[in-house]
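J.: dropping a prediction and its sequence here:
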Amino acid sequence: MEMKIMEFINVVAHNRIMKLVVLSIVFDTVFGVLRAIREKKFNSCAGIDGAIRKIGMLISLVFMLAVDMLIKINLIGFVPETIREQIGLTSVGMAEFFALLYIAYEVVSIFKNMALCGLPVKKVWAVVRAFLIKYTDELPDTDELDGNSTTGSVEDHRQQEKTE
């Protein structure tokens with residue numbers, strides 16, 4: 001029993017997609033905290049709701065990885081071929097499938113927070129948005145970035161000046 005637990009911990013710790021999820025959560029949290037400092041108020045990344053959401057994502061992935069170890073399900077057909085090639089996936093279990101969705105969600109949040117911090121990432125955001133339009137019918141709430149929200153917008157924040 002102890003060996004199986006150690007094997008599971010080893011699988012979780014060395015799963016490349018899980019590492020990407022953790023990395024994206026860390027980046028989103030950092031930029032969310034910077035945004036909260038700039039706006040002098042809590043936001044979805046720096047508050048308790050954001051922490052609960054991020055912890056919930058990680059816990060769900062651990063449980064799905066356990067299910068993947070018990071039942072071999074391959075959902076690779078649901079992942080576009082270009083993404084499979086970029087990441088080097090040969091099979092996609094439930095955990096990897098949802099991890100890819102979580103990564104996409106966090107990347108959107110990272111760019112939103114970067115833009116609201118005043119970083120010059122509007123062009124990168126346009127590329128991310130085009131990617132999302134290509135692969136999904138749903139786009140995240142971008143009211144803050146588009147200036148259609150009372151909670152803040154990119155236009156309200158001055159971008160950092162280039163120093164050379």
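T.: That came through fine.

J.: low-confidence ranges in this protein?
T.: Within the chain, the stretches with pLDDT under 70 are 1-3, 43-47, 136-164.

J.: spatially central residue for it, please.
T.: Nearest residue to the geometric centre of the chain (CA atoms, centre = their mean): Glu106, 1.9 Å.

J.: wait, what's in contact with that residue?
T.: Glu106 makes contact with 21, 24-25, 27-28 under the criterion CB atoms under 8 Å, 6 or more residues apart in numbering. C-betas here are computed from N, CA, C, even on glycine.

J.: generate a ChimeraX selection restricted to the buried entries among those residues.
T.: A single ChimeraX command selects the buried members of those (16 or more other CB atoms under 10 Å):
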select :21,24,25,27,28
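
J.: distance to Ala130 and secondary structure added to the contacts of Glu106, as CSV?
T.: CSV is the format used below for the contacts of Glu106 (distance: CB to CB, whole Å; DSSP: H, G, I helix; E, B strand; the rest coil):
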residue, distance to Ala130, secondary structure
Val21, 23, helix
Ser24, 19, helix
Ile25, 24, helix
Phe27, 21, helix
Asp28, 21, helix
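
J.: hmm, back to that, so where does the residue nearest to the centre of the chain fall, helix or strand?
T.: Assigned by DSSP states H and E, Glu106 falls within helix 94-116.

J.: that helix: which residues count as buried?
T.: Neighbour count says helix 94-116 has 94-100, 102-116 buried, by 16+ other CB under 10 Å.

J.: spit out the contact partners of Val121.
T.: By CB under 8 Å, 6+ apart, Val121 lies in contact with 111, 114-115.

J.: export those residues as TSV, with columns for distance to Lys123.
T.: Rendered in TSV, the data for the contacts of Val121 read as follows (distance: CB to CB, whole Å):
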residue	distance to Lys123
Phe111	11
Met114	12
Ala115	11
